Every structure is written in structure tokens, then in C-alpha cells.
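Colleague: test case, fold it:
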Amino acid sequence: MFFTSFGETRNITITFTSWTPSVSNSSIFNVPSQCNRQEEIFEPLLNNIDNTKEVGCVSRTTMLSKAQVWVNNHVPYNQGGDYQGYREDCSGYVSMAWETSKPGYTTFTLPQISHPIAKSELQPGDVLLCTSEHVVLFGGWTDSGKTHYTAYEETRPGEGTVKRETPYPYWYNTGCFHPYRYDHVC
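Modeller: Sure, this is the predicted structure:
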């Protein structure tokens, strides 16, 4: 499926992909189905991004401090809601930590402001991104073998924003999650 929006100052083309797991997500880890960004959810989000914000750089310490605020305040998962002007979903949460334009990017559009990196390059403030499903903020390795890390994420309704130890690269669909770095990290 393709979606193209022509605005006064930008053209956006998005290719939607699909994935059929060999094991149901719900039997491993319950990520809301809305994270799949169906077209009717995705189009209004693109039209509401404030592209007037000037981009500077954001320190890794700032990213994690901002992420921790949502953890401390138990911000709930709600794709239709916002907190501090950002969507209360996984990509809105990362957008907030990265100080992007409000209401934030989506899992599909985060690659526009970030770039792939190797696992060995991961540092706090980077992300593990599956563009068709979910994104988590990398907080640092929790073991010397680099098999687990601290993940900050906005997750399913009822759980909301959490900080927890997570297996690398993620709990499920491990071939989809890849490390990315924000283009404007200081």
C-alpha cells in the first residue's frame, strides 16, 4: 500500500509493509495493534507535525532524563492522547526524548531523522526500531555479553511507559528490530 501527501513545503511517500509472525505477538508480548499504523491513523498524524521547530542537538543525558520523566509519571499508552504535546505511543515517546517536532514522528517516519548503526555502536539514547511495529529507547547494556539492555518504552494500554531489562534486540520479531541513531545527537 502506498500513501502520498503533497503539502505546501513537503512531499511524503510511505510504503506500508506487512508482517505475519510465526507465533502470535499476543502469546509473547502484547503490543497494541494500533502500533501497526493503519492508514486512517497515520494520515492525520503526518498532517499535524509541526515542522517549524528548529533542530539543534540533544545530549544523551537529556534524552534519558526526558524518558525517565514519563516513566516516573506513569504516562499511559493512548495513541489518541498527548502528554507534553507528544502522542502517548511508542514513537511519540521517542520523539519527545529526542526533542523533535510535536506531536512526534511515527515508527515509519523515524528513519527520516535517524540512521542505522551497528549493534556494537549502540549508546544510551539510540533506539531499537521495527518500522512496521514498535520502537524502544536504548538505555545501556545490562550484561557484558550484550544480550540484554535497559529499554525505555511506551507500551500497551494498562502498562504505559516503562523502563525494564529487555533481551536484544526485542522480545519478539527479532529480525525486524534494528539499532538507529538520532541524526542530531550531541
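
Colleague: what's the local residue count around the nearest residue to residue 184 once chain neighbours are set aside?
Modeller: Setting aside the residues directly before and after it, residue 184 is nearest to residue 57 in space (C-beta to C-beta, 6 or more residues apart in numbering), at 4.7 Å. Where C-beta positions appear, they are placed from N, C-alpha and C, glycine not excepted. Each residue near residue 57 was counted by other C-beta atoms under 10 Å, and the total is 11.

Colleague: surely residue 57 touches residue 186?
Modeller: Yes - with contacts counted by C-beta atoms under 8 Å, residue 57 reaches residue 186, the gap being 3.8 Å.

Colleague: which helices and strands does the biggest helix by length in the chain pack with?
Modeller: Longest among the helix segments of the chain by residue count, using DSSP state H, is helix 60-72. In this structure, helix 60-72 packs against helix 90-97, strand 134-141, strand 148-154, strand 161-167, with contacts taken as 3 or more C-beta pairs under 8 Å, 6 or more residues apart in numbering; DSSP states H and E.

Colleague: what lines up beside the second one in the sheet?
Modeller: Each strand that strand 134-141 pairs with, and the sense of that pairing, follows from DSSP bridges: strand 127-130 (antiparallel), strand 148-154 (antiparallel).

Colleague: residues in contact with residue 97?
Modeller: 63-64, 66-67, 125, 137, 152 (C-beta atoms under 8 Å, 6 or more residues apart in numbering).

Colleague: let's go with 6 Å and repeat that
Modeller: By C-beta atoms under 6 Å, 6 or more residues apart in numbering, the contact list for residue 97 reads 63, 66-67, 137.

Colleague: same deal with residue 119?
Modeller: Taking C-beta under 6 Å, 6+ apart, one finds residue 179 in contact with residue 119.

Colleague: okay, residue 178 and residue 63: tell me how far apart.
Modeller: Distance, residue 178 to residue 63, by C-beta to C-beta, to the nearest Å: 18 Å.

Colleague: neighbour count winner among the two?
Modeller: Each of residue 178 and residue 63 has its neighbours counted (other C-beta under 10 Å); residue 63 has more, 26 against 16.

Colleague: touching, the more buried one and residue 125? I think so.
Modeller: Yes - contact status for residue 63 versus residue 125: in contact at 3.9 Å, counting by C-beta atoms under 6 Å.

Colleague: what is the burial count for residue 84?
Modeller: Neighbourhood size, residue 84 [other C-beta under 10 Å]: 13.
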